Every structure is written in C-alpha cells, then in structure tokens.
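S.K.: following is a predicted model, sequence given first.
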Amino acid sequence: MGEQFVTEFNKSKEGALVVRSGPMLMRLQRVALPIIDAARKDWDVPYTLTLIKDSEINAFAVPGGPVYVNTGLMQLASTDDELASVLAHEVSHIVKRHSAQQLSDAAVKQGVAGILFGRSNADVRSVVGLTLSLKDREFSRGDESQSDEYGFKYLVAAGYNVRGMASMFTKMQDSATKSNEKLAFLSTHPLTRKRIEAAEKRAESYENGTWKSPK
Ligand SMILES: [Zn+2]
C-alpha cells in the first residue's frame, strides 16, 4: 500500500515538489532517524521520509511506512525537539495502523476490500486514489491522543526534550489563530486545548518520574 502510494504520489503534481537534497532534507533525516529506530521496535515496516517544497504547514503518514513533511512545517518547528514531536506523532499513526483502519472502512464502503487484501488483480489505482484522498482525511480524537501517547514514547526513547510536543502544538495553534485560517495539519489532525494540556501533563509526569510508557 505504501509503495503504491509513493509511486502514485511521485507522478502527481505534488510529486514534482519533492526535495531531493540540501540542508533541510538532511535535518529531516537526522531528526527522524532515532524516532524511526524507536518505532521499529513496535512495528517493523520500511519507513520512508519525503520532504515536499510547500509552505503549507502539513505532514502526513501513509499505511505501511511513508511519511511526508512540508518545508512549511519544518520552518515552524524551529527546534529539533519540536520537529521530532510531529514526526513521532506521524510515525505512531503508522504503528497503530490508524490510516489502515480508516482505509479499510472506506474501502469496504466503496466495495474495493477485495483489492486491498490481495484477492483481486483489479486495477489498484482506485485504491491508491483512495489513499491519496485519505491524506486529507481527518483522524478521530481517539487516534490523535493515541498517536500523541506513542509519539511521546518515541520522543523519550530517541532522547528528545519531552517539552517539544506541547511547544509544537502551541505554535501550530498560535499560527492558526494569527493567520486566521485552518492549518492543513490541524484539519487532518484535530488539535484541542485538551491535547495540548495532555502533552504538558505527560512531560510533567516524565520529569517527576511518574510517566508510564504505553506498551
Ligand atoms: Zn494525527
């Protein structure tokens, strides 16, 4: 599924905007590497990273491993801890199979479940098209808080500053308020005051030694 998405994405309009070298890509890879190493212990899939030259503040993950990040998001994440927190959150959607579950639901509704499970040789493009549209699909609040929880676990394992998550969330919220429009990231990953508070509490409990890692 991930591979099909990547092939299809590269052929799309956005595919032409993929950044293939330079300091920003190097930063992305350097920051993501320890996060991916940590996530791999929970679910070992071929994680890949793609940087897209787009000022929109966004990042998304595809079932099976691909993670996409816009340059706009990287610019907002001024510290590596903040960038790591978004990457850890995205990787957690993959580990917890959130988009896969959504995809299955949507696929069943559209009658393409057979293709998904490899029981049909029918045109896979429809499934890939479905996946492409899923990058704009909103995750549930439950998925979001679970990804924050696991993301936090990977931040800790990778040795990042655990305050990075709350600080990144606050930045995104402020940026949305300032620009008076919904950030692309926030439209697919609904951010609430509760999520920010939970991230702050998680960091506090880590610092005072009462944090318990999710299994
Ligand atoms: Zn999310």
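M.R.: Thanks, I have it. Numbers count the residues shown, from 1 in each chain.
S.K.: specify the local secondary structure of residue 51.
M.R.: strand (DSSP: H, G, I helix; E, B strand; the rest coil).
S.K.: got the phi/psi numbers for whatever residue of the chain ends up closest to the ion?
M.R.: Residue nearest to the ion within the chain (Cβ to the ion): residue 189, separated by 3.5 Å. C-beta here means a position set from N, CA and C on the backbone, and glycine is covered the same way. The phi/psi pair for residue 189 (degrees, to the nearest 10) reads phi -120, psi 80.
S.K.: residues contacting residue 48?
M.R.: 2, 6, 65-67 (Cβ atoms under 8 Å, 6 or more residues apart in numbering).
S.K.: give me the subset of the residues you listed lying in strands.
M.R.: Applying DSSP state E to these, the entries found in strands are 66-67.
S.K.: rebuild the contacts of residue 48 as CSV, extending it with neighbour count.
M.R.: Putting those into CSV (neighbours: other Cβ atoms under 10 Å) gives the following:
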residue, neighbour count
2, 19
6, 19
65, 22
66, 23
67, 23
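S.K.: and the helices in this structure?
M.R.: 2-11, 23-40, 71-76, 80-95, 98-109, 113-116, 125-134, 141-158, 164-179, 184-188, 193-207 (DSSP state H).
S.K.: okay if I get those helices as TSV plus distance to residue 54 and mean pLDDT?
M.R.: Shown next, in TSV, are the helices of the chain (distance: least, Cβ to Cβ, whole Å; pLDDT from 0 to 100):
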stretch	distance to residue 54	mean pLDDT
helix 2-11	13	81
helix 23-40	12	98
helix 71-76	6	95
helix 80-95	15	96
helix 98-109	20	62
helix 113-116	29	44
helix 125-134	15	58
helix 141-158	22	95
helix 164-179	15	91
helix 184-188	9	84
helix 193-207	24	95
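S.K.: point out the most buried one among those helices.
M.R.: helix 80-95 (a mean of 26; mean count of other Cβ atoms under 10 Å).
S.K.: tell me the angle that helix makes with helix 164-179.
M.R.: For helix 80-95 against helix 164-179, the angle by axes from the mean of the first three to the mean of the last three Cα atoms, to 10 degrees is 100 degrees.
S.K.: let me know the angle separating helix 80-95 from helix 23-40.
M.R.: Using the same axes, to 10 degrees: helix 80-95 against helix 23-40 is 50 degrees.
S.K.: packing partners for helix 80-95?
M.R.: Under the contact definition 3 or more Cβ pairs under 8 Å, 6 or more residues apart in numbering; DSSP states H and E, helix 80-95 sits against helix 23-40, strand 59-61, strand 66-70, helix 71-76, helix 141-158, helix 164-179.
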